[in-house]
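Participant: task: produce atomic coordinates for the following.
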Amino acid sequence: MHPEPIDLARRLVQGRFPDALAVVLAGSTATGRATASSDLDIVVLIGDGGETRRETLRFEGRLVELFIHTRAGLVELFSADVAARRGVLQSMYATGLVLVDTGGEAGRARARAESDLRNGPPALKPETVETKRYGLTDALDDLADADDPFERLAVAGVVLNVAADLLFDHHRAWAGGGKWLPRRLLEADGERGGALLQGHRHLCETGDPVLLIDAAVRILDLVGGPLREGYCRTWRGVIESVAAGIGR
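Facilitator: This next block holds a predicted model:
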């Protein structure tokens with residue numbers, strides 16, 4: 001790893017957080033994926049009198065994402081990341097480069113993060129899985145019927161995301177969004193996740209939905225198969241967005 005971003009992170013932290021309890025340089029810089037334009041992701045644990053927040057700034061010409069939290073804030077954020085089935089902050093602590101570790105604070109946070117990651121995310125409720133099955137089935141029907149290329153691409157995005165979420169849940173694997181969606185898909189299930197990604201890419205390149213449909217149907221079969229007639233959901237004051245907005 002090139003030492004420059006590490007030195008830059010240390011200078012930033014020493015100037016802005018001289019009393020930090022723990023500092024971890026995370027993200028692509030810590031994992032060796034960084035490019036010259038990559039931002040720096042820095043996790044900062046501060047004393048209990050501080051404020052838990054996220055802040056973006058530019059330091060010495062480099063874009064920096066700061067994830068700042070107190071001990072209590074860290075507990076809340078870890079719990080929120082588990083509930084969201086993402087484990088983002090846990091991954092930062094577990095895989096990042098420790099720059100500051102006052103009194104073993106970074107080590108304790110890393111141990112808790114690693115424990116959360118080992119335990120995995122909570123399973124989706126059965127009714128949520130059912131709603132996602134229904135939404136994916138509907139989207140696949142739309143995809144098979146779509147003649148408009150823009151509509152086809154839009155629906156393909158729905159298929160990719162909902163099928164991925166069902167596959168993550170099937171394996172009790174951590175979910176991901178953006179660039180983390182393909183990374184975590186391949187970690188969770190290289191065969192089915194890879195087929196889903198290849199099908200989506202093939203559709204984007206050629207307009208042909210067959211590979212994506214086949215890959216998504218294989219995932220549907222893992223969780224009970226397609227769902228159309230017989231689906232019923234009682235109104236409880238909340239719209240389940242997976243099934244909303246994608247009907248024909």
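
Participant: relative to residue 219, how far out is the nearest residue to residue 218 once chain neighbours are set aside?
Facilitator: Spatial nearest neighbour of residue 218, chain neighbours left out: residue 192 (5.9 Å); criterion: C-beta to C-beta, 6 or more residues apart in numbering. Glycine gets a C-beta too; all of them are placed from N, C-alpha and C. Residue 192 sits 6 Å away from residue 219 when distances are taken as C-beta to C-beta, to the nearest Å.

Participant: which of these two has more residues huddled nearby?
Facilitator: With other C-beta atoms under 10 Å as the criterion, residue 192 and residue 219 differ in neighbour count, and residue 219 comes out ahead with 23 against 20.

Participant: then the more buried one would be within a strand, right?
Facilitator: No. If the criterion is DSSP: H, G, I helix; E, B strand; the rest coil, then residue 219 is helix and not within a strand.

Participant: list the beta-bridge partners for residue 22.
Facilitator: According to DSSP bridges, the residues that bridge with residue 22 are residue 45, residue 101.

Participant: so who does it touch?
Facilitator: Each residue near residue 22 by C-beta atoms under 8 Å, 6 or more residues apart in numbering is listed here: 43-45, 98, 100-102, 105-106, 109.

Participant: separation between residue 14 and residue 42?
Facilitator: In this view, residue 14 and residue 42 are 12 Å apart by C-beta to C-beta.

Participant: which of the two has more neighbours?
Facilitator: Higher neighbour count among residue 14 and residue 42: residue 42, with 30 against 13, using other C-beta under 10 Å.

Participant: did I read that right, that one in a helix?
Facilitator: No. Under the criterion used here (three-state DSSP), residue 42 is strand, not part of a helix.

Participant: where does it land on pLDDT?
Facilitator: Looking at residue 42, its pLDDT reads 96.

Participant: before we move on, what about residue 61?
Facilitator: Predicted confidence (pLDDT) at residue 61: the value is 89.

Participant: can you report how many residues lie near it?
Facilitator: Around residue 61 sit 6 other residues, with neighbours defined as other C-beta under 10 Å.

Participant: distance of it from residue 5?
Facilitator: Going from residue 61 to residue 5 by C-beta to C-beta gives 12 Å.

Participant: before we move on, what about residue 46?
Facilitator: In this view, residue 46 and residue 5 are 22 Å apart by C-beta to C-beta.

Participant: repeat for residue 45
Facilitator: Residue 45 is 20 Å from residue 5, where distance means C-beta to C-beta.

Participant: likewise residue 186?
Facilitator: As judged by C-beta to C-beta, residue 186 and residue 5 stand 26 Å apart.

Participant: residue 47 now?
Facilitator: From residue 47 to residue 5 the distance is 26 Å (C-beta to C-beta).

Participant: okay, those two: which has more neighbours?
Facilitator: residue 5 (20 against 11).

Participant: ok, now which ones touch the spatially closest residue to residue 117 that is not a sequence neighbour?
Facilitator: Across the structure, with C-beta to C-beta, 6+ apart as the measure, the residue nearest residue 117 apart from its sequence neighbours is residue 90 (5.2 Å). Residues near residue 90 by C-beta under 8 Å, 6+ apart: 78, 81-82, 112-114, 116-117.

Participant: got phi/psi on the residue positioned nearest the centre of the chain?
Facilitator: In the chain, the residue lying closest to the centroid (C-alpha atoms, centre = their mean) is residue 176, at 2.3 Å. Phi and psi for residue 176, reported as degrees, to the nearest 10, are phi -150, psi 150.

Participant: I'd guessed it sits against residue 188; true?
Facilitator: No. Using C-beta atoms under 8 Å, residue 176 is not in contact with residue 188, being 9.1 Å away.

Participant: mind giving me the packing neighbours of the helix or strand residue 192 falls within?
Facilitator: Take DSSP states H and E as the rule and residue 192 turns out to sit in helix 190-206. In terms of contacts (3 or more C-beta pairs under 8 Å, 6 or more residues apart in numbering; DSSP states H and E), helix 190-206 is packed against helix 149-170, helix 180-188, helix 210-222.
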